[in-house]
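J.: Let's see this in three dimensions:
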Amino acid sequence: MSRKLRVLFAASEAYPLIKTGGLADVAGFLPLALQDLGVEVIVALPGYARVLEQLKARVIAYVSTFRGYALIRESRLPNSKVRLWLVDHPLFSERHGNPYLNDEGEEWPDNPIRFGLFNQALARVLAHRTAIGHKFDLVHCNDWQTGLLPVYMHQEQLVTPTIFTIHNLAYQGIYPASYHAELALPPSSWSHDGVEFHHMLSFIKGGLVYADRITTVSPSYAEEIKHDEFGYGLSGLLLYRSDDLIGIINGIDTKTWNPATDPLIAATYDAEHLDRKVENKLALQRQLGLPEDPDVMLLGNVGRMVEQKGIDLILDALPALVRQPVQIVIEGSGEARFETRLAEAMSQWPDRVGGVIGYDETLAHLIEAGADAFLMPSRFEPCGLNQMYSQAYGTLPIVYPTGGLRDTVVDATEQTIADGTATGFWMDSLSRSALERAVTEALARYREPSVWRQLQTTAMGQDFSWKHSAKEYLRLYRGLSRMAGTAGGR
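T.: Coordinates of the predicted model:
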């Protein structure tokens with residue numbers, strides 16, 4: 001029997017301990033799915049105050065860093081057997097609140113020091129500069145906060161293979177060049193072929209240059225970021241490393257997002273009992289003060305009110321949409337101008353538009369269950385989760401086909417309806433008029449009950465569980481583990 005692969009999985013957040021976005025879901029669920037496949041995963045996180053307060057974590061080592069000693073504490077991810085290492089240093093443990101931002105919503109000014117220290121501490125543990133004697137077959141880094149880990153590993157002359165996963169290339173961790181020396185990075189890394197980016201220090205570039213393989217969270221996004229529109233100045237480097245770049249779709253937590261067992265919705269249902277879904281529509285209409293009408297097509301949207309998510313396209317389309325037999329429900333928060341426009345729309349069309357500014361988990365589940373279709377006209381979407389939640393609930397996504405949306409939603413054309421593969425609707429361009437056309441097309445199909453039921457059943461039959469992502473990562477891990485003893489990605 002072959003020995004288990006041992007992987008160090010480094011991230012800056014992990015569900016359920018601390019979460020600001022989709023990265024936390026990946027770090028919280030992918031290791032569990034990998035462990036189910038026989039991989040020994042140890043997750044490494046910064047020892048934030050909020051995390052330490054939730055756990056009993058024993059000290060297993062001390063490690064020196066450019067800012068004094070840090071403790072390495074060990075615990076487990078909640079409700080699992082996955083081991084967890086926490087880098088405990090006052091820069092993390094004595095600071096409450098958001099892991100990246102202060103109370104004014106501005107980035108902590110010492111973030112490069114904080115996450116640089118996190119990276120260096122882990123590299124020194126991997127180099128056996130502590131009492132920890134673990135040997136790893138692979139190190140998996142995630143997003144810019146861990147981008148310098150492969151650089152420090154190179155400094156330590158470690159040959160352990162590395163993977164760097166891009167969750168959203170828009171966030172890069174770019175700081176003044178003076179931090180290069182302050183973070184005790186190797187002088188050789190300061191070059192155009194290293195971490196230097198337009199005379200600044202780029203955390204994410206460290207991962208993109210020094211890791212052996214690069215992954216991102218959907219195959220389409222992996223292609224998109226090799227082009228200037230989505231590459232944020234790094235498309236040339238990603239094109240150069242295209243042979244080492246792969247897209248793997250994220251999964252979703254199918255226990256939490258399951259209409260058959262969801263305790264947060266008004267009535268549970270499955271593909272065999274779709275008639276019960278309407279009870280959630282009526283409950284949603286009632287909760288948001290809309291006329292209770294089981295026949296009207298109800299459009300839902302849950303997300304951040306920012307241009308990336310296309311909320312402006314939805315708001316621009318409202319005057320045309322309300323002339324059709326539809327209701328629109330929106331939940332989210334973000335830029336004040338969009339929040340104001342939503343409030344005005346709710347006042348102008350109280351029988352057609354309902355919404356909540358903010359986020360409530362129970363309402364989010366009820367929207368997924370109660371809506372007939374889900375509006376998601378994102379301008380870019382590395383992976384996306386709501387389109388997968390929606391399909392699980394038989395709520396057909398209306399999307400602009402970018403990134404993970406293209407990879408997870410099958411457009412309802414005559415051909416895909418005939419062959420039984422359609423699960424949603426694609427906009428034909430990124431515009432208000434395209435969104436209106438897609439809604440009109442969805443409404444036409446909604447008026448064909450047998451076709452709509454077929455689309456719902458197909459959507460609910462999709463398997464977006466983490467086991468598929470885990471199998472693809474395991475295949476990548478096994479291939480890379482054979483590289484042990486070779487040079488790094490450079």
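
J.: what residues go with each domain of the protein?
T.: Domain assignment for the chain, taken from automatic domain parsing, gives 6-251+467-481, 271-464.

J.: Make JSON lines from these and add distance to Asp262 to it.
T.: In short, each C-beta sits where N, CA and C put it, glycine included. JSON lines is the format used below for the domains of the chain (distance: least, Cβ to Cβ, whole Å):
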{"stretch": "domain 6-251+467-481", "distance to Asp262": "17"}
{"stretch": "domain 271-464", "distance to Asp262": "6"}
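
J.: nearest to Asn258, of those?
T.: When the domains of the chain are compared by Cβ to Cβ, domain 271-464 sits nearest Asn258, at 6.7 Å.

J.: coming back round to it: who wins for proximity to Ala260 among the domains of the chain?
T.: Judging the domains of the chain by Cβ to Cβ, what sits closest to Ala260 is domain 271-464, at 8.6 Å.

J.: How far does the closest one stretch from one end to the other?
T.: Using Cα to Cα, to the nearest Å, one end of domain 271-464 lies 16 Å from the other.

J.: how far out from the middle of the chain is that domain?
T.: Distance of domain 271-464 from the chain centroid (Cα atoms, centre = their mean, to the nearest Å) equals 20 Å.

J.: What of stretch 39-59?
T.: Using Cα atoms, centre = their mean, the offset of stretch 39-59 from its chain centre is 21 Å.

J.: What residues of that stretch count as buried?
T.: 39-52, 55, 57 (16 or more other Cβ atoms under 10 Å).

J.: Kindly report the same for stretch 360-377.
T.: Quick answer for stretch 360-377 (16+ other Cβ under 10 Å): 363-377.

J.: pLDDT on that stretch, on average?
T.: The pLDDT scores in stretch 360-377 average 97.

J.: do stretch 202-214 as well
T.: The model assigns stretch 202-214 a mean pLDDT of 98.

J.: From the chain's centroid, how far away is it?
T.: Distance, stretch centre to chain centre, for stretch 202-214: 19 Å (Cα atoms, centre = their mean).

J.: same deal with stretch 106-123?
T.: That offset, for stretch 106-123, works out to 21 Å (Cα atoms, centre = their mean).

J.: follow-up on the earlier one: in helices, which of the buried residues of stretch 39-59 fall?
T.: 49-52 (DSSP state H).

J.: quick one: which of the residues you listed is nearest Glu441?
T.: Using Cβ to Cβ, those come closest to Glu441 at Arg50, 45.3 Å.

J.: So which residues of the stretch 201-350 of the chain form helices?
T.: Per DSSP state H, counting those that start in this stretch, the stretch 201-350 of the chain carries helices over the ranges 203-210, 219-224, 228-231, 235-240, 277-287, 311-321, 336-348.

J.: okay, those helices in CSV with distance to Leu385 next?
T.: Formatted as CSV, the helices of the stretch 201-350 of the chain follow (distance: least, Cβ to Cβ, whole Å):
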stretch, distance to Leu385
helix 203-210, 22
helix 219-224, 14
helix 228-231, 19
helix 235-240, 24
helix 277-287, 19
helix 311-321, 16
helix 336-348, 20
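
J.: Highest mean neighbour count out of the ones you listed?
T.: Of the helices of the stretch 201-350 of the chain, the one with the most neighbours on average (mean count of other Cβ atoms under 10 Å) is helix 203-210, at a mean of 27.

J.: Can you tell me what sits against that one?
T.: 112, 115-116, 141, 143-151, 153-154, 162, 164, 166, 169, 171-175, 189, 193-197, 214, 234, 237-238, 241, 488-490 (Cβ atoms under 8 Å, 6 or more residues apart in numbering).

J.: Among the residues you listed, name the buried ones.
T.: 112, 115-116, 141, 143-151, 153-154, 162, 164, 166, 169, 171-175, 189, 194-197, 214, 234, 237-238, 241, 488-489.

J.: Those in strands, which ones?
T.: Within the buried ones among the contacts of helix 203-210, residues falling in strands by DSSP state E are 141, 162, 164, 166, 174-175, 196-197, 214.

J.: so what's the backbone phi/psi at the residue lying closest to Ser188 once chain neighbours are set aside?
T.: Excluding the flanking residues, the one nearest Ser188 by Cβ to Cβ, 6 or more residues apart in numbering is Gly194, at 7.0 Å. The phi/psi pair for Gly194 (degrees, to the nearest 10) reads phi -120, psi -130.

J.: got the contact list for Gly194?
T.: 151, 188, 205-206, 209.

J.: go on, Gln157?
T.: Gln157 neighbours (Cβ under 8 Å, 6+ apart): none.

J.: those helices in the stretch 51-200 of the chain, which residues are they?
T.: 90-93, 111-126, 149-155, 179-182.

J.: closest one to Asn250 among those helices?
T.: Taking the helices of the stretch 51-200 of the chain one by one with Cβ to Cβ, helix 149-155 is closest: 21.0 Å.

J.: any idea how far Gln324 is from Thr440?
T.: 7 Å (Cβ to Cβ, to the nearest Å).

J.: which residues does His140 bridge with?
T.: Per DSSP bridges, the residues bridged to His140 are Phe9, Ile163.

J.: can you give me phi and psi for Glu13?
T.: Torsion angles, degrees, to the nearest 10, at Glu13: phi -160, psi 160.

J.: what about it, how many neighbours?
T.: Look at Glu13: counted by other Cβ atoms under 10 Å, it has 25 neighbours.

J.: got a list of what it touches?
T.: Contacts of Glu13 (Cβ under 8 Å, 6+ apart): 19-21, 23-24, 27, 45, 99.

J.: Output the ones in strands among the buried ones among the contacts of helix 203-210 as TSV; include the columns distance to Ser347.
T.: Formatted as TSV, these follow (distance: Cβ to Cβ, whole Å):
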residue	distance to Ser347
Cys141	48
Thr162	53
Phe164	47
Ile166	41
Ile174	42
Tyr175	44
Glu196	52
Phe197	46
Ile214	48
